[in-house]
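Asks: Here's a sequence, model it:
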Amino acid sequence: MKHKTLLIGLLACAGAVVGCRTASDNRDFVIQRGNDNMYGVVSQPNGKVILLARFKNIEPLNGFFKVVNAGNYVGVYDGKGKCVLPCSFSSVNIYNNQFLVVQNRKTGLYDLKGKNIIPCEYNRIESFNGFFKVYRNSMQGIFSEDGRMIVPCEYDGINFESNHFIVSRRWKYGVISTKGKVVAPCEYDKLKNGGYGSFTAVKDNKSYQILLD
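Replies: Next comes the predicted model:
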């Protein structure tokens, strides 16, 4: 079940106190500004401190709290005040039920428990047929949803057909399985679905049939 956070209004003047509720456990929280203009979080109605007032900004993020420290770095805490992601990122957002982060101008992915899924080495990450496609400069690669590299980031293009990845490099084509096995090396001039569990490929004006696992 997805975590959701609902803002329930502003309490007090000039944004000094903001009330919010996490829909995952129906607990109320107050994001409160201290005398030094730093923010913290207390639970309601008991007033228990969840986060000390030591952040420049705090905002709800799908059942979590996204915080900004004095150095303008972003991190994430859960509703109990436990650090999920340290304040070491320039950006954190929810994407495909994961944390999409930016660090040193590179993008990475963490799960909601703070485990690194994809390292911060890529220009872009996008969901792709139940996998993640990564981009580094002009190259593309594939990761599984649990962070296993399926296709190294060294191809000009990647498509998905017949439950296999069709990869291209320097105008040559090949096939890689969803487990990362090279079914056909990237050496064919043309490659298309041949039906009946196969691909038809052309190399040096000769046709070949590539049988799939």
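Asks: C-alpha only now, for contacts and for neighbours.
Replies: Will do.
Asks: Could you list every helix and strand that the one helix or strand I166 maps to packs against?
Replies: Taking DSSP states H and E as the definition, I166 sits inside strand 164-169. Packing partners of strand 164-169 (3 or more Cα pairs under 8 Å, 6 or more residues apart in numbering; DSSP states H and E): strand 149-155, strand 157-161, strand 172-177, strand 182-188.
Asks: right, so the ones you listed: which one is the most enclosed?
Replies: strand 172-177 (a mean of 22; mean count of other Cα atoms under 10 Å).
Asks: Outside of the strand holding I166 itself, list whatever touches it.
Replies: Strand 164-169 is contacted from outside by 154-160, 173-178, 186, using Cα atoms under 8 Å, 6 or more residues apart in numbering.
Asks: In its sheet, which strands sit next to that strand, and in what direction?
Replies: If you go by DSSP bridges, strand 164-169 pairs up with strand 157-161 (antiparallel), strand 172-177 (antiparallel).
Asks: check contacts around G147.
Replies: G147 neighbours (Cα under 8 Å, 6+ apart): 116-118.
Asks: what is the mean pLDDT for the host helix or strand of I94?
Replies: Using DSSP H and E, I94 sits within strand 91-95. For strand 91-95, the mean per-residue pLDDT is 97.
Asks: May I see the buried residues of that strand?
Replies: 91-93 (16 or more other Cα atoms under 10 Å).
Asks: Show residues contacting the helix or strand that comes right after that strand.
Replies: Downstream of strand 91-95, the next assigned helix or strand under DSSP H and E is strand 98-103. Residues from elsewhere that reach strand 98-103 (Cα under 8 Å, 6+ apart): 88-94, 107-112, 120.
Asks: C-terminal to strand 98-103, what's the next element?
Replies: strand 106-110.
Asks: tell me what the next helix or strand after that next one is packed against?
Replies: Per DSSP H and E, the first helix or strand lying C-terminal to strand 106-110 is strand 116-122. Helices and strands touching strand 116-122, by 3+ Cα pairs under 8 Å, 6+ apart, are strand 98-103, strand 106-110, strand 131-136.
Asks: could you dump the ones you listed to JSON lines with mean pLDDT?
Replies: Listed next are the helices and strands packed on strand 116-122 as JSON lines, based on pLDDT from 0 to 100:
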{"stretch": "strand 98-103", "mean pLDDT": "98"}
{"stretch": "strand 106-110", "mean pLDDT": "99"}
{"stretch": "strand 131-136", "mean pLDDT": "98"}
